[in-house]
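Asks: sequence and computational prediction follow.
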Amino acid sequence: MLRPEAEHGAALVSSRLFLRPLRSDDSALLHRLINDWDVARHLGSIPFPYPRAELEAWIARTAEDRAAGRAWHLAIARREDDRPIGVAGLTREDGRTARLGYWIGRTFWRNGYASEAAARLVRHAFDDLGFETLIAYVADDNEASVRVLERLGFRFTHEAEHDFRSRGGAFPVRWFRLTRADALRAAGFGAGAPGVARPIVLVAAVALVDPDGRVLLARRPEGKVLAGLWEFPGGKLREGETPEAALIRELAEELGIDVAASCLAPFAFASHAYETFHLLMPLYLCRHWRGMVKPLEGQELAWVRPNRLADYPMPPADVPLVAMLRDYL
């Protein structure tokens, strides 16, 4: 079977998921997942139980809606097997506003799939479809979905009632709104308040250098802030963690390699002011590790010659380090 990248040019990719066009052969599994009261009671547009024929007719209409620019409903499928675990969608409200919706089968709850799928679709709405504002409503008793929206930067606007076919009538809902600026701010890249000191965020990074003198870069996966840019492996320090300990942990989690603290040599550091925080990032050099480098979090990897590092677009904080690393190596 063709993977969604080849079969569907419209597929969106995140670290663990495909968001791809719905297919007729998705109906059996989705019908089973959605005919669960704990799922259906939070969805305003479907009856309960949901007849299989009605679901199949809706799936058939999604391609036409997408082509006409009315709505973009996509299956949420795990990359490991391409089997749908839910649906996420955008429905155009007017020229610059769309309504976000999503659901995940109960079997797959508490794995962060809803947040990951919603974040990828939000980015698609702003970056690819050109929307300026997203709205969403949540049943008043659906606190998990409220938390998903709040993490993405959605702001509560008002309470109202909405007709729920699954519940047989009107039910209280909370409405939320998200702008592009709100989404960036939630991720730490929005506009900061004038005169307010920015918090310092500590991140450790490492330039892994192989026996041929090449440096490893990792590409930020789709669905993350600054997706598509290349960076040195690493990550944020946890409370009480040293930079060396953070790198040992991050390299094991992200790349599956074991690094000793004695093999991490401090090289340089980046100090960069984003609008809502100040990033301080020490960069280490490492030439020795155990294990084979593998992309364990869906990221793309590249071994790059030092004189080619500048050819790879990087976040602002990483850019000043490239010239120093190139001259050293």
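Replies: Arrived safely, thanks for sending.

Asks: so Met254 sits in a strand?
Replies: Quick fix: residue 254 is Glu, not Met. No - going by DSSP: H, G, I helix; E, B strand; the rest coil, the assignment for Glu254 is helix, not a strand.

Asks: list the beta-bridge partners for Arg219.
Replies: Here Arg219 sits in beta bridges with Trp230, Glu300, as judged by DSSP bridges.

Asks: go on, Leu178?
Replies: Leu134.

Asks: for the stretch 101-250 of the chain, just list every one of the strands.
Replies: 133-139, 155-164, 169-179, 200-208, 215-219, 230-231, 234-236 (DSSP state E, counting those that start in this stretch).

Asks: give me the contacts around the first one.
Replies: Meaning strand 133-139. Under the contact criterion C-beta atoms under 8 Å, 6 or more residues apart in numbering, strand 133-139 has outside partners 41-42, 44, 90, 93, 96-101, 122, 125, 145-146, 149, 154, 157, 160, 162, 164, 171-179. For the C-beta atoms, the positions are set from N, CA and C on the backbone; glycine is no exception.

Asks: just the shortest one next, same as before
Replies: With C-beta under 8 Å, 6+ apart as the test, strand 230-231 has contacts from 205, 217-220, 302, 312-315, 318.

Asks: with the second one instead?
Replies: Judged by C-beta under 8 Å, 6+ apart, the contacts made with strand 155-164 from elsewhere in the structure are 41, 43-44, 135, 137, 139-140, 169-178, 182.

Asks: buried set for it?
Replies: Of the residues in strand 155-164, 162, 164 count as buried by neighbour count, 16 or more other C-beta atoms under 10 Å.

Asks: before we move on, what about the third one?
Replies: Of the residues in strand 169-179, those with enough neighbours to count as buried (16+ other C-beta under 10 Å) are 171, 173-179.

Asks: any stretches of the stretch 51-200 of the chain with poor pLDDT?
Replies: Within the stretch 51-200 of the chain, the stretches with pLDDT under 70 are 187-198.

Asks: circling back: redo the strands of the stretch 101-250 of the chain as JSON lines? Include distance to Ser262.
Replies: Rendered in JSON lines, the data for the strands of the stretch 101-250 of the chain read as follows (distance: least, C-beta to C-beta, whole Å):
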{"stretch": "strand 133-139", "distance to Ser262": "49"}
{"stretch": "strand 155-164", "distance to Ser262": "48"}
{"stretch": "strand 169-179", "distance to Ser262": "46"}
{"stretch": "strand 200-208", "distance to Ser262": "14"}
{"stretch": "strand 215-219", "distance to Ser262": "20"}
{"stretch": "strand 230-231", "distance to Ser262": "24"}
{"stretch": "strand 234-236", "distance to Ser262": "18"}
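
Asks: so which of these is nearest Gly112?
Replies: With C-beta to C-beta, the closest approach to Gly112 among these belongs to strand 234-236: 16.7 Å.

Asks: return the members of the contacts of strand 230-231 classed as buried.
Replies: The buried subset of those - by 16+ other C-beta under 10 Å - is 205, 217-220, 312, 314-315, 318.

Asks: now the element after the longest helix anywhere in the chain, going C-ward?
Replies: In the chain, with assignment by DSSP state H, the single longest helix is helix 52-68. Toward the C-terminus, helix 52-68 is succeeded by strand 71-78 as the next helix or strand (DSSP states H and E).

Asks: CA-only coordinates of the helix or strand just after that following strand in CSV, if you can.
Replies: Following strand 71-78 in sequence order, the next helix or strand is strand 84-94 (DSSP H and E). Extracted C-alpha coordinates of strand 84-94, given in CSV (Å, rounded to 0.1, in the frame of the first residue of the first chain):
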residue,chain,number,x,y,z
PRO,A,84,-7.6,6.2,11.5
ILE,A,85,-8.0,7.0,15.2
GLY,A,86,-10.3,10.1,14.8
VAL,A,87,-11.1,13.1,12.7
ALA,A,88,-9.9,16.7,12.7
GLY,A,89,-11.4,19.5,10.5
LEU,A,90,-11.7,23.1,9.6
THR,A,91,-15.0,24.6,8.4
ARG,A,92,-15.0,28.0,6.8
GLU,A,93,-17.2,30.5,8.6
ASP,A,94,-16.3,33.5,6.4
